[in-house]
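Novice: sequence first, predicted model second:
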Amino acid sequence: MEECSTSSLPQCKYSQDNAVEFTIIFLKTFAKTALLVGPILLCLALSIALLGLIIGRKEKWSISDSLYYAFITASTVGYGDYHPRHRKTKFAAIAIAFIGIILTGIMVAVGLKSVEIALNREYDVKQIMKTISETPSADSVPPTIPEN
């Protein structure tokens, strides 16, 4: 693994091997963590599907249209091609959207944690962050006047 010193950080180029190793660590961590929260994700996905089927039955949609509506709503995309017309199904649609936000949030959290773990295993993140904070920004360096 190629090491970068603090003094050479701005010029440091990480090798392709580092990127591959980082990606492998990320994917392994993501898979393990997703398996750990899998039962929660499954319950949320089944809740979305069940609510979608309930809405679809009340709105007289096909099963595929009901599931399509449920997961499009859960993803907060909401194309608008299907929408509930009854009061109770509108409340169920709100529940689907809320559950979808929770599902998405969990997946984002798993992804971010996996990136953090992969970064910490592959690179000395604390040292890099310290170096970045110590490096003067372009705003803090006074402009120089060229001599003629």
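Specialist: Ah, there it is.

Novice: the most centrally placed residue in the chain and Val20: what is the separation?
Specialist: Nearest residue to the geometric centre of the chain (CA atoms, centre = their mean): Val108, 2.9 Å. According to CB to CB, to the nearest Å, Val108 and Val20 sit 24 Å apart. Every C-beta, even on glycine, is put in place using the N, C-alpha and C of the backbone.

Novice: thinking again about what came up before, next, give phi and psi for the residue nearest to the centre of the chain.
Specialist: Taking degrees, to the nearest 10, you get phi -70, psi -40 for the backbone angles of Val108.

Novice: swap in Gly80?
Specialist: With angles defined as degrees, to the nearest 10, Gly80 sits at phi 90, psi 0.

Novice: likewise Val37?
Specialist: Backbone geometry at Val37, expressed as degrees, to the nearest 10, gives phi -90, psi 10.

Novice: does the residue lying closest to it once chain neighbours are set aside lie in a helix or a strand, and which?
Specialist: In space, and not counting its chain neighbours, Val37 is closest to Ile106: 6.0 Å by CB to CB, 6 or more residues apart in numbering. Assessed by DSSP states H and E, Ile106 sits inside helix 87-122.

Novice: right, I'll call it a day here.
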